[in-house]
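Peer 1: Okay, structure incoming, though there's no sequence with it:
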């Protein structure tokens, strides 16, 4: 007897009938959460479960997250596999951190915040002389629009959006 899932590799993996195969670009994925915050902690924990190499970038030595040693500078932590998420749009370091990230080979850079108003990163980057076309590379809003309200929900929406983007999909329920 043939089951419907026998013809669908994703279904076979979900049922445990086949091993998950890495897709192109999945090996060596990096998730960089910028700024220690409750959302950063959720992103890094869930991201590790999804196969990302979790990195916490926190320029302030007085801040950190349990379980994730912080790096203080971008250095070699942000490569072409990196999806970078700024998890706090109220930090004074937004401009310099984003300016430096925009010169990195990061695959994707986004900052959390409501789309109802201009993000503070726009002014911060303009004040540093970053050209508008570079500022436009910073994605906002980020994640799927699922009405997230808590740090875990925000992390799930963000990671789902990153996976959809990485796989060239629109996200949501459009197949």
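Peer 2: Arrived safely, thanks for sending. This is a predicted model, so every value here is computed, not measured.

Peer 1: Flag every buried residue along the lengthiest helix in the chain.
Peer 2: As assigned by DSSP state H, the longest helix anywhere in the chain is helix 151-166. For helix 151-166, the neighbour count (16 or more other C-beta atoms under 10 Å) marks 151-152, 154-166 as buried. Bear in mind the C-beta positions are built from the backbone N, C-alpha and C, glycine included.

Peer 1: and which of those is nearest to residue 136?
Peer 2: Nearest to residue 136 among the buried residues of helix 151-166: residue 165, at 16.0 Å, using C-beta to C-beta.

Peer 1: For the closest residue to the closest one other than its chain neighbours, list each beta-bridge partner.
Peer 2: Computed as C-beta to C-beta, 6 or more residues apart in numbering, the closest residue to residue 165 that is not its neighbour in sequence is residue 108, at 6.4 Å. Judged by DSSP bridges, the bridge partners of residue 108 are residue 83.

Peer 1: What is the burial count for residue 108?
Peer 2: Neighbour count of residue 108, defined by other C-beta atoms under 10 Å: 19.

Peer 1: would you list every one of the helices in the chain?
Peer 2: Applying DSSP H to the chain gives helices spanning 9-14, 38-49, 94-102, 120-127, 132-135, 151-166.

Peer 1: So, low pLDDT: which residues of this structure?
Peer 2: 1-6, 10, 13-15, 18-27, 174-175 (pLDDT under 70).

Peer 1: coming back round to it: what's the residue nearest to residue 165 in contact with, if anything?
Peer 2: 82-84, 139, 162, 165-166 (C-beta atoms under 8 Å, 6 or more residues apart in numbering).

Peer 1: Quick check: it vs residue 127, distance?
Peer 2: Using C-beta to C-beta, to the nearest Å, one obtains 24 Å as the distance from residue 108 to residue 127.

Peer 1: Check residue 83 too.
Peer 2: 26 Å.

Peer 1: higher neighbour count, those two?
Peer 2: Comparing residue 83 with residue 127 by neighbour count (other C-beta under 10 Å), the higher total belongs to residue 83, at 26 against 9.

Peer 1: Settle this for me: the more buried one is touching residue 33, isn't it.
Peer 2: No. Using C-beta atoms under 8 Å, residue 83 is not in contact with residue 33, being 9.8 Å away.
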